[in-house]
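Peer 1: Here is a sequence together with a model predicted from it:
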Amino acid sequence: MNDSPWRAEPVPAGPAYDAQVGPHTRPMPIVPDAAGRDFDDREARDPGAADAGGPQFRAETPPQEPMPTPPSQAPQDASQPPQKKRAGRDLRAAIGVGIGLGAVIFASLFIVKAVFVGVVVVAVVVGLWELTSRLQEQKGIKAPLVPLAVGGAAMVIAGYVRGAEGAWVAMALTALAVLVWRMTEPPEDYLKDVTAGVFAAFYVPFLATFVAMLLTADDGPQRVVTFLLLTVVSDTGAYAVGWRFGKHKLAPRISPGKTREGLFGAVAFAMVAGALCMEFLIDGGAWWQGLLLGLTVAVSATLGDLGESMIKRDLGIKDMGTLLPGHGGIMDRLDSLLPTAPVVWLLLAAFVGTG
């Protein structure tokens, strides 16, 4: 640290600073004081000498104390153990909420399929509420929530009942409803609001429709479990490996916490889980198909996470909500699930069909 503000400049010797020294008088020596300043030796013996000429350095001026070292710059005691890395969230709360959500999902999957569709609808509506609320708070964008919520719920149900064709029709009708609903307000920012509304309709309910479409197969619950398990395992592998070994940033301007090592961990964990799921859960599946499925899920989940991180950075927020302790909001849990759903549906349809 530059300490110049804490020390006066030395006083140069010479006639201009020694008015009482004659041509035959030997100049008094210049000695430093306790604070590192230079002053005339005559001043130490005659405090009034400084007033006759030269700078006003008085002997009675107390030396300035050195600037205290900040705790962050203080040398660490060698006897103290190095601080361990800590996670950025409350892991106990996150694990507890995760277990609770998993119990609800699994119970609805294997008891009554329609109940699970209802769980997806609730997640979609809450996610739309979080997204539209943050858009309005941070950017002043008023994406109409009512047509989005109604259309989103209809989209998921149509996908479950009528498949991909029903989902596309519901998506188109939802976009039209957004355009019409916004016409009831002044025309200012109309284009911005309806664009955000159509984006929200595609991003949340339309992508979630593929989860309902996974459920329509004969082994639908197993397919949904495979989809959820691979996404969760991918996120867990990325977190565990990145937290322990991560050194090289993956996308520092989007998500500084993600590392290349974490991505490798996500791929490895997801590929192993994919091989096991395709071998033991999916009818007619093969282990090598699971390797490809796991690789694709790891990539899509990472891209989905980065995509929402991009949205949150643009909005200037850390989380989309606070509904789930240790996780943030519903959208903070759907970020990697939403883009992964169509990928899993498409690959399973290619590997073992949609029946």
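Peer 2: Ah, there it is.
Peer 1: rest of the way, CA atoms for contacts and neighbours
Peer 2: Noted.
Peer 1: Okay, now the unreliable bits of the stretch 101-250 of the chain?
Peer 2: Nowhere does the stretch 101-250 of the chain drop to pLDDT under 70.
Peer 1: Sorry, wrong one. I was asking about the stretch 251-355 of the chain.
Peer 2: Using pLDDT under 70, the flagged stretches of the stretch 251-355 of the chain are 326-327.
Peer 1: helix or strand right after the top strand by length along the chain?
Peer 2: Ranked by residue count, the top strand of the chain under DSSP state E comes out as strand 255-259. As assigned by DSSP states H and E, the chain's next helix or strand after strand 255-259 is helix 260-280.
Peer 1: Show me which residues of that next one are buried.
Peer 2: Across helix 260-280, burial judged by 16 or more other C-alpha atoms under 10 Å covers 260-279.
Peer 1: hang on, the earlier thing: distance from the longest strand of the chain to the middle of the chain?
Peer 2: 8 Å (C-alpha atoms, centre = their mean, to the nearest Å).
Peer 1: any idea how far the closest residue to Trp288 other than its chain neighbours is from Phe106?
Peer 2: Nearest residue to Trp288, sequence neighbours excluded (C-alpha to C-alpha, 6 or more residues apart in numbering): Ala275, at 6.3 Å. Distance of Ala275 to Phe106, computed by C-alpha to C-alpha, to the nearest Å: 21 Å.
Peer 1: hang on, the earlier thing: just to check, the residue nearest to Trp288 is in contact with Gly290?
Peer 2: Yes - the criterion here is C-alpha atoms under 8 Å, and Ala275 meets it with Gly290 at 3.9 Å.
Peer 1: Show the subsequent helix or strand relative to the helix or strand containing Thr231.
Peer 2: Using DSSP H and E, Thr231 maps to helix 220-245. Using DSSP H and E, the helix or strand that follows helix 220-245 in sequence is strand 249-251.
Peer 1: Tell me if I am right that Thr184 is in a strand.
Peer 2: No - read with DSSP: H, G, I helix; E, B strand; the rest coil, Thr184 is coil and lies in no strand.
Peer 1: how about it, phi and psi?
Peer 2: phi -80, psi -10 (degrees, to the nearest 10).
Peer 1: cool, Gly140 as well?
Peer 2: phi 70, psi 20.
Peer 1: residue contacts, it?
Peer 2: Listed by C-alpha atoms under 8 Å, 6 or more residues apart in numbering, the contact set of Gly140 is empty.
Peer 1: Please report the distance of it from Ala273.
Peer 2: For Gly140, the distance to Ala273 - C-alpha to C-alpha - is 43 Å.
Peer 1: Repeat that for Thr195.
Peer 2: In terms of C-alpha to C-alpha, Thr195 sits 38 Å off from Ala273.
Peer 1: Next: Val344.
Peer 2: Taken as C-alpha to C-alpha, the span from Val344 to Ala273 is 14 Å.
Peer 1: Asp319 in helix, strand or coil?
Peer 2: Going by three-state DSSP: Asp319 is coil.
Peer 1: Tell me, how many residues neighbour it?
Peer 2: 18 (other C-alpha atoms under 10 Å).
Peer 1: Now it, what are its backbone angles?
Peer 2: According to degrees, to the nearest 10, Asp319 has phi -130, psi 160.
Peer 1: Contacts only, for Ala170.
Peer 2: Applying C-alpha under 8 Å, 6+ apart, the residues near Ala170 are 151, 154-155, 158.
Peer 1: give me the element it is part of.
Peer 2: Here Ala170 is assigned to helix 145-182, by DSSP H and E.
Peer 1: Show me what secondary structure element comes after that helix.
Peer 2: In N-to-C order, the element after helix 145-182 by DSSP H and E is helix 190-201.
Peer 1: Now do that next one: distance to the chain's middle.
Peer 2: Per C-alpha atoms, centre = their mean, the centroid offset for helix 190-201 relative to its chain is 24 Å.
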